[in-house]
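> I would like the atomic coordinates for the input below:
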Amino acid sequence: LSGWEMSFPGTEMPSLSGESFGQNNPLNITWFEPGQIPVHLELQQNVSEVTPPELIADFTIDVAAFDPQFTADSFFKSAGNEITFDISASVSDLPVANYGWDWESDGNLDHTGLESSLSHTFAQGTYTVTMHMYAQNGYSRSVSHQAGVLDGEVVIIRNDGNTYDA
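Sure, this is the predicted structure:
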């Protein structure tokens, strides 16, 4: 065999090719959308111009959902108020081992656990809050949102034009 080519009919995923893969050289492909992905695989050879049917395979891969998401009661609050974060919008077909939170945008996990909601009080400023979701098989993904404490009082303007203080 001289190589291989893999395509994903009906998807926007680009075709892949190479000279070898196997037990000692696995091919890792990451999909971010769950569902069934069609795969067309051809093993290439130098014996004939036409690839023999024995070297062609069409199959479907089931991609598990693994989508970390979080919301907050309000991403920005005035000084002294906790922000409560909720992970219930996260979706996972894989068993989740843990969630990790980075509050201060420094790349270090400040909290880990399996709580569905938790609160944090920030110093004044804006932060990129990142929640990491870890599967039991070692896979992980993360999602980030801006959050923080505004200087002074937060004024919310309602759709009807009136205001109220938060």
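
> Show the pLDDT at the residue nearest to Asp67 when sequence neighbours are not counted.
Leaving out its chain neighbours, the residue that sits closest to Asp67 by Cβ to Cβ, 6 or more residues apart in numbering is Val91, at 4.5 Å. Quick note: C-beta positions are derived from backbone N, CA and C, even for glycine. Predicted confidence (pLDDT) at Val91: the value is 94.

> Over to the one 10 residues further on?
With respect to pLDDT, Trp101 has a value of 98.

> Now it. Nearest residue, chain neighbours left out?
Excluding its sequence neighbours, the residue lying closest to Trp101 (Cβ to Cβ, 6+ apart) is His111, at 4.4 Å.

> which intervals of this structure have sub-threshold pLDDT?
Counting by pLDDT under 70, the chain shows low-confidence ranges at 21-23, 152-159, 161-166.

> can we see that at 90?
Counting by pLDDT under 90, the chain has low-confidence residues at 1-3, 11-13, 18-35, 44-51, 63-64, 78-80, 104-105, 150-166.

> Could you list the domains of it?
Domain ranges of the chain: 3-63, 67-157, per automatic domain parsing.
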